[in-house]
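Trainee: next come a sequence and a model predicted from it.
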Amino acid sequence: MKVIIPVAGFGTRLRPHTEIRQKCLLPVAGKPVLDHIIEPLISQGFDEIVLITGHLEDQIKKYVRRFDAEFTFARQDEQRGLGHAIFQGLEPSDDPVLIQLGDVIYNLDLTEFCQSSTHKIAVDEVPDPERFGVVEIDKERITRVVEKPKNPHSNLAIVGLYFMTNQKVLYDAILQLMENEITTNSEIQLADAFEWMIGKGEVFQHAKVSKWFDCGIPETFLSTNKALLKPSGLQLDGVVIHEPVSIGTDCRIESSVIGPNVTIMDGVTILNSQVEDSIVLWNAKVENEDVEHEIFFKDSSG
């Protein structure tokens, strides 16, 4: 089955890190977000992965060579919204498709999620639904999809995972939006395409998903890192480690306290410092500094 993963965005809320590295290649729990997304897809038998690329696309094309899977790439030349991005990977065919956002990690059986005779949208109850696209339901059936409503009538937020039984109906819906310049916040929205489909009689069900981890902003990157980290069992001379932590290769760590909830990528130097609840990116140097609740990438040695 085809899977479409949009990874074209600029990642503006994660600057300056995303100025030089694609957002999906930033790490949580010891490896890039994209690994957390692609590895379960491969292990669960999804054999055609379409990546929607744009910003820093060469990084992604080079990186995914390490995976034993078939990848195709579709470029989004203009940042015109999620619906526009997904359209680049769709075909006007009757084949089903799974759509998974490139900045959300899921802990669920994706093959089971796709075993449905109707379209399906993954949702979760949230305290702040105005930040999300939301669905309104009648029993199991979705009756309305609204993108970031000012006065939400539902707290069921869309969490970025969608199954379409038929690509063509979604293709046609997004095409209608583009041809008629129907936008929300000046963007071609996937939620508006779903609304168009519901208006044409297409049936959508919702599936509650509680184990999803957002990687869209620094705060959620760090909370996802905390949630996914596991104890490493590492012991280093002269270093106090408070689990869970993940420490990469070719690192030099001396006279420091590491953890809890810390990811340290390859080539990092940490001297006489304390690091907790943070992600230290490749080849960074931390010296005589306390790093807390931070995505750290610079040389602090002065």
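Mentor: Alright, I've got the coordinates.

Trainee: which strands or helices does the host helix or strand of residue 3 pack on?
Mentor: Using DSSP states H and E, residue 3 sits in strand 2-6. Using 3 or more C-beta pairs under 8 Å, 6 or more residues apart in numbering; DSSP states H and E, the elements in contact with strand 2-6 are helix 33-43, strand 48-53, helix 82-87, strand 97-100. C-betas here are computed from N, CA, C, even on glycine.

Trainee: contacts for the helix or strand that it is followed by next, please.
Mentor: Next helix or strand after strand 2-6 toward the C-terminus (DSSP H and E): helix 17-20. Residues outside helix 17-20 that contact it (C-beta atoms under 8 Å, 6 or more residues apart in numbering) are 10, 11, 12, 26, 55, 281, 295, 297.

Trainee: any idea how far the first one lies from residue 23?
Mentor: Spelled out, that is residue 10. 8 Å (C-beta to C-beta, to the nearest Å).

Trainee: more crowded one of those two?
Mentor: residue 23 (26 against 15; other C-beta atoms under 10 Å).

Trainee: please name the nearest non-neighbouring residue to that one.
Mentor: Excluding the flanking residues, the one nearest residue 23 by C-beta to C-beta, 6 or more residues apart in numbering is residue 11, at 3.4 Å.

Trainee: and the strands in the stretch 201-302 of the chain, which stretches?
Mentor: 204-208, 212-214, 239-241, 245-247, 252-254, 256-258, 262-264, 269-271, 274-276, 278-280, 285-287, 290-292, 295-296 (DSSP state E, counting those that start in this stretch).

Trainee: next, format those as TSV and append distance to residue 93, mean neighbour count and mean pLDDT.
Mentor: Compiled in TSV, the strands of the stretch 201-302 of the chain are given as follows (distance: least, C-beta to C-beta, whole Å; neighbours: other C-beta atoms under 10 Å; pLDDT from 0 to 100):
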stretch	distance to residue 93	mean neighbour count	mean pLDDT
strand 204-208	20	17	93
strand 212-214	28	19	92
strand 239-241	52	16	97
strand 245-247	41	22	98
strand 252-254	52	15	97
strand 256-258	51	20	98
strand 262-264	40	27	98
strand 269-271	52	21	97
strand 274-276	50	20	97
strand 278-280	40	26	97
strand 285-287	51	19	95
strand 290-292	50	15	95
strand 295-296	40	20	90
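
Trainee: possible to save the ones you listed as a markdown table with distance to residue 128?
Mentor: Converted to a markdown table, the strands of the stretch 201-302 of the chain look like this (distance: least, C-beta to C-beta, whole Å):
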| stretch | distance to residue 128 |
| --- | --- |
| strand 204-208 | 17 |
| strand 212-214 | 12 |
| strand 239-241 | 35 |
| strand 245-247 | 30 |
| strand 252-254 | 38 |
| strand 256-258 | 33 |
| strand 262-264 | 27 |
| strand 269-271 | 36 |
| strand 274-276 | 27 |
| strand 278-280 | 24 |
| strand 285-287 | 34 |
| strand 290-292 | 25 |
| strand 295-296 | 23 |
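
Trainee: any idea of the mean pLDDT for stretch 134-151?
Mentor: Regarding stretch 134-151, the rounded mean pLDDT is 88.

Trainee: who's in contact with stretch 29-40?
Mentor: Against stretch 29-40 from outside (C-beta under 8 Å, 6+ apart): 5, 7, 23-28, 49, 60, 63-64, 67, 69, 100, 102-103, 105-106, 110, 215, 224-225, 228-230, 246, 248, 263, 265.
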